[in-house]
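A.B. asks: What follows is a predicted protein model with its sequence.
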Amino acid sequence: METRRQHIAVLGSTGSIGTQTLEVVRAYPELFAVELLAAGRNWELLARQAVEFEPDAVVIADEAYYAPLAEALAHLPIKVYAGAEEAAASVVSGEVDTVVSAMVGFAGLAPTLAAVRAGKKVALANKETLVVAGELVMGEARRCQAPIIPVDSEHSAIFQCLVGEPAQSVRRLVLTASGGAFRDTPTDELDRMTAADALRHPSWEMGRKITVDCATMMNKGFEVIEARWLFDLPADRIDVAVHPQSIVHSFVEFEDGAFKAQLGVPDMRLPIQYALTFPYRLPIRGEGTKRFEPSLCGGLTFAAPDAEKYPALGLAYEVLRGDYGPGGGCVMNAANEVAVAAFLEGRIRFTEIYRTVREALDTMPGARRTTGEAEETGERGMTLADYTALDAEVRGRVAEALAQ
């Protein structure tokens, strides 16, 4: 393996993926040096991370927390920036080799796109980047020869299964899903489920927003869209199977009928480390490290998703088919972010998340150009500025509708 230290930027360093990325860095200090840490609002944890890892710079997206962060780090030679746009500006630093994109939601798009355009290696955990602007981002990745290696466990599994395989040999991808907190809850009881109920994920420890997305299976719908762009396969060749044990992280079916699957314990440090060290594999170090033991896992089961319980999954396929225009993914994501926040605050019921997203897609014109800027675009002409304007419009309309 290469002995030169890899210089990394961690976007979303205080979240679940970000903190686990830093566990990997902590376990292999001889391989990784942290150049940039960026977070949304959690300035106290960001400050502690900065003291430990001594990056060149830190960014707090919420400018209201700049002063206490700067004061906490005043004794160190660390640059402190504030504002969402600073994360995008900072990742292009010549010292950064790899950008771990782990910010939650639409906020991850601009810095990820900036990293791609700078030719950086991107370890992608922010699925919304490809849900919103997959065509633009992947087009830019090809143009700039920027490798994108997935961190999501399902996409990492597929990526691992495809190593060494010719693209034309792939027949189908099968993403596995735990089924979320309400996997065993009768559909007619979902209306009564609370945020506390939705946050009890049976397999994974994740952030609040993504845990709710797992309960609605909106997250799996996003992953289907992400898989389409990462692996260049149409929607009708990407399937989903509910797998409660969360041991098989996804399958690839090949034209000769053979299947490959990647198995392992539900530990996000595995796909994170693989993305950072690819094509090499190193032992997982650190507290709580477990290994998969086939003889102890019991039976593995798989089932088709319940379309009535998880209508959000079908909605993602509609978006992929182009039913809502090139901005459909942007509309879907923005409406979902607002709806999930409202649910977590107790302002809407669980089942209203899907209805809110569906209504936004049915009423918002997703296919539009809002600017005439001459920048690189996808085939259908959507720029970063277009997506940003559409995202803001959808959020405004959905927030207004939910406030009534």
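C.D. replies: Nice, thanks for sending it over. Numbers count the residues shown, from 1 in each chain.

A.B. asks: What lies in contact with the lowest-mean-pLDDT helix or strand in the chain?
C.D. replies: The helix or strand of the chain with the poorest confidence is helix 84-90; it has a mean of 86 (mean pLDDT, DSSP states H and E). Residues from elsewhere that reach helix 84-90 (C-beta atoms under 8 Å, 6 or more residues apart in numbering): 9, 11, 36, 38, 57, 59, 61, 81, 103, 107, 110-111, 113-114. Bear in mind the C-beta positions are built from the backbone N, C-alpha and C, glycine included.

A.B. asks: If you count neighbours, what's buried in it?
C.D. replies: 84, 86-88, 90 (16 or more other C-beta atoms under 10 Å).

A.B. asks: re earlier: give me the subset of the contacts of helix 84-90 lying in helices.
C.D. replies: 110-111, 113-114 (DSSP state H).

A.B. asks: can you name the two of those residues that are farthest apart?
C.D. replies: 111 and 113 (7.4 Å; C-beta to C-beta).

A.B. asks: Looking at those two, which has the bigger crowd around it?
C.D. replies: residue 111 (31 against 24; other C-beta atoms under 10 Å).

A.B. asks: residue contacts, the more buried one?
C.D. replies: 11, 38, 87-88, 90-91, 99, 101, 103.

A.B. asks: Counting residues, name the longest helix you see in this protein.
C.D. replies: helix 384-403.

A.B. asks: For residue 99, give me its contacts.
C.D. replies: So residue 99 contacts 8-9, 11, 91, 111-112, 115, 120-123 (C-beta under 8 Å, 6+ apart).

A.B. asks: what's the closest non-adjacent residue to residue 279?
C.D. replies: residue 163 (7.3 Å; C-beta to C-beta, 6 or more residues apart in numbering).

A.B. asks: For the one you found, grab phi and psi.
C.D. replies: Main-chain dihedrals, residue 163, degrees, to the nearest 10: phi -60, psi 120.

A.B. asks: what's the answer for residue 258, then?
C.D. replies: The phi/psi pair for residue 258 (degrees, to the nearest 10) is phi -80, psi 150.

A.B. asks: Report the separation between it and residue 248.
C.D. replies: Distance of residue 258 to residue 248, computed by C-beta to C-beta, to the nearest Å: 15 Å.

A.B. asks: Please compare the two by neighbour count and tell me which comes out ahead.
C.D. replies: residue 248 (19 against 10).

A.B. asks: and that one, what pLDDT?
C.D. replies: Residue 248 is assigned 93 on the pLDDT scale.

A.B. asks: Residue 15: how many residues sit nearby?
C.D. replies: Residue 15: 23 neighbours (other C-beta under 10 Å).

A.B. asks: nearest residue to it other than its sequence neighbours?
C.D. replies: residue 207 (5.5 Å).

A.B. asks: was I right about that neighbour contacting residue 104?
C.D. replies: Yes - Residue 207 is within contact range of residue 104, at 6.3 Å (criterion: C-beta atoms under 8 Å).

A.B. asks: of the two, who's got more company?
C.D. replies: Legend: neighbour count by other C-beta under 10 Å for residue 207 and residue 104, higher for residue 104 (21 against 16).

A.B. asks: in what helix or strand does the residue lying closest to that one once chain neighbours are set aside lie?
C.D. replies: Of all residues not flanking residue 104 in the chain, residue 209 sits nearest, at 5.7 Å (C-beta to C-beta, 6+ apart). Per DSSP states H and E: residue 209 is located in helix 208-216.

A.B. asks: Also residue 100?
C.D. replies: Assigned by DSSP H and E, residue 100 falls in strand 98-101.

A.B. asks: As PDB, could you dump the C-alpha coordinates of stretch 26-33?
C.D. replies: Backbone C-alpha positions of stretch 26-33 (Å, rounded to 0.1, in the frame of the first residue of the first chain) are rendered in PDB as follows:
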ATOM      1  CA  ARG A  26      -7.500   8.000  14.600                       C
ATOM      2  CA  ALA A  27      -6.800   4.300  14.100                       C
ATOM      3  CA  TYR A  28      -4.400   5.000  11.200                       C
ATOM      4  CA  PRO A  29      -2.600   8.300  11.900                       C
ATOM      5  CA  GLU A  30       0.300   7.100   9.700                       C
ATOM      6  CA  LEU A  31      -2.000   7.000   6.700                       C
ATOM      7  CA  PHE A  32      -4.300  10.000   7.100                       C
ATOM      8  CA  ALA A  33      -3.900  13.700   7.900                       C
END
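
A.B. asks: Rounded mean pLDDT for that stretch, please.
C.D. replies: 95.

A.B. asks: What are the buried residues along it?
C.D. replies: By 16+ other C-beta under 10 Å, the buried positions in stretch 26-33 come out as 27-28, 31-33.

A.B. asks: and what of stretch 46-58?
C.D. replies: For stretch 46-58, using 16+ other C-beta under 10 Å, the buried residues are 46-47, 49-50, 53, 55-58.

A.B. asks: Which of those sits closest to residue 65?
C.D. replies: Checking those one by one against residue 65 (C-beta to C-beta), the nearest turns out to be residue 46, at 8.5 Å.

A.B. asks: nearest residue to the closest one other than its sequence neighbours?
C.D. replies: In space, residue 46 is closest to residue 39, 4.4 Å off (C-beta to C-beta, 6+ apart).
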